[in-house]
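sequence-free structure coming up:
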């Protein structure tokens, strides 16, 4: 009886997740993703530039087409990091660790840009760049978690130790995602209630096409940059491993 034999499904997952195979497969997606992201971004900006100003906010409402997709991408990035953290901890899968480490700077960038664009939108709308609003504070906390993960993933010389600490921080910080999502429902907020409900959309139909197109563009940009960052991290680890091997061989010689 082979008690230590791994289940077939687990063997399949581990086989697919080999970094070398990832490098070959991801290379096939870089050019198409770049083209699709560029097309979506140009289309989104074109549609946004032809939207009429809001009767209350005027032309500043067009900041929404940048701010909202960035905020969505910030939360999406962290949501995808959550299963990567579980896999990195439970199965010690190096590709999950690499995905987690690569995604954190991207998520931090999206979150910071969402906060900046939100402040630029808030000044003419609310009369202030910043307020200790539930949505704003929870987004700021998200940025701090991203920064903590970035620091943890680079704090230890041992890659495994960094992966463990970064994964634990990711799992703890995931509780903030539903807080961001429902903050406008739970507390009094300067932000409006959710614009998308089961009853439909509260956003004017003329805004849906540019908003959706820009959201797609930001998502494609995230996917492209994530693949590129993961590939760079794999190459970095391969170089370090080769240098370590060469140093050992030189020491033996």
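Looks like it arrived, so ask away. Keep in mind that this is a model prediction, so the values were computed, not measured. Numbering: from 1, shown residues only.

residue closest to the middle of the chain?
Central residue of the chain (C-alpha atoms, centre = their mean): residue 77, 2.2 Å from the mean position.

Setting aside sequence neighbours, what's the nearest residue to it?
Distance criterion C-beta to C-beta, 6 or more residues apart in numbering; nearest residue to residue 77, sequence neighbours excluded, is residue 107 at 3.7 Å. All C-beta spots, glycine's among them, are computed from the backbone N, C-alpha and C.

hang on, isn't the one you found packed against residue 72?
No. Look at residue 107 against residue 72 with C-beta atoms under 8 Å: they stay out of range, at 11.8 Å.

mind listing the strands for the stretch 101-250 of the chain?
196-197, 200-201 (DSSP state E, counting those that start in this stretch).

what stretches of the stretch 1-150 of the chain score poorly on pLDDT?
Filtered on pLDDT under 70, the stretch 1-150 of the chain yields the residue ranges 1-17, 53-58.

And the helices in it?
For the stretch 1-150 of the chain, the helices defined by DSSP state H, counting those that start in this stretch occupy 8-16, 19-49, 64-90, 94-126, 134-155.

for these, which one sits closest to residue 213?
Nearest to residue 213, of all the helices of the stretch 1-150 of the chain, is helix 19-49, at 3.8 Å by C-beta to C-beta.

Which neighbouring elements make contact with the closest one?
Contacts defined by 3 or more C-beta pairs under 8 Å, 6 or more residues apart in numbering; DSSP states H and E place helix 19-49 against helix 94-126, helix 205-252.

With respect to burial, which of those helices scores highest?
Stretch with highest mean neighbour count among the helices and strands packed on helix 19-49: helix 94-126 (a mean of 21; mean count of other C-beta atoms under 10 Å).

Check what contacts stretch 77-85 and list those residues.
96-97, 99-100, 103-104, 106-107, 110, 142, 145-146, 149, 166-168, 170-171, 173-174, 176-177, 222 (C-beta atoms under 8 Å, 6 or more residues apart in numbering).

circling back to that earlier point, out of the helices and strands packed on helix 19-49, which comes closest to residue 42?
helix 205-252 (8.4 Å).

From the chain's centroid, how far away is the closest one?
12 Å (C-alpha atoms, centre = their mean, to the nearest Å).

ok so, going back, can you add distance to residue 184 and give the helices and strands packed on helix 19-49 back as JSON lines?
As requested, the helices and strands packed on helix 19-49 are arranged in JSON lines below (distance: least, C-beta to C-beta, whole Å):
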{"stretch": "helix 94-126", "distance to residue 184": "13"}
{"stretch": "helix 205-252", "distance to residue 184": "17"}
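
out of everything not next to it in sequence, what's closest to residue 209?
For residue 209, the spatially nearest residue (C-beta to C-beta, 6+ apart) is residue 47, at 5.5 Å.

Count the residues that sit near that neighbour.
Using other C-beta atoms under 10 Å, residue 47 has 19 neighbouring residues.

same deal with residue 183?
Around residue 183 there are 19 residues (other C-beta under 10 Å).

So it sits against residue 135, correct?
Yes. The criterion here is C-beta under 8 Å, and residue 183 meets it with residue 135 at 4.7 Å.

Name the nearest residue to residue 213, sequence neighbours excluded.
residue 44 (3.8 Å).
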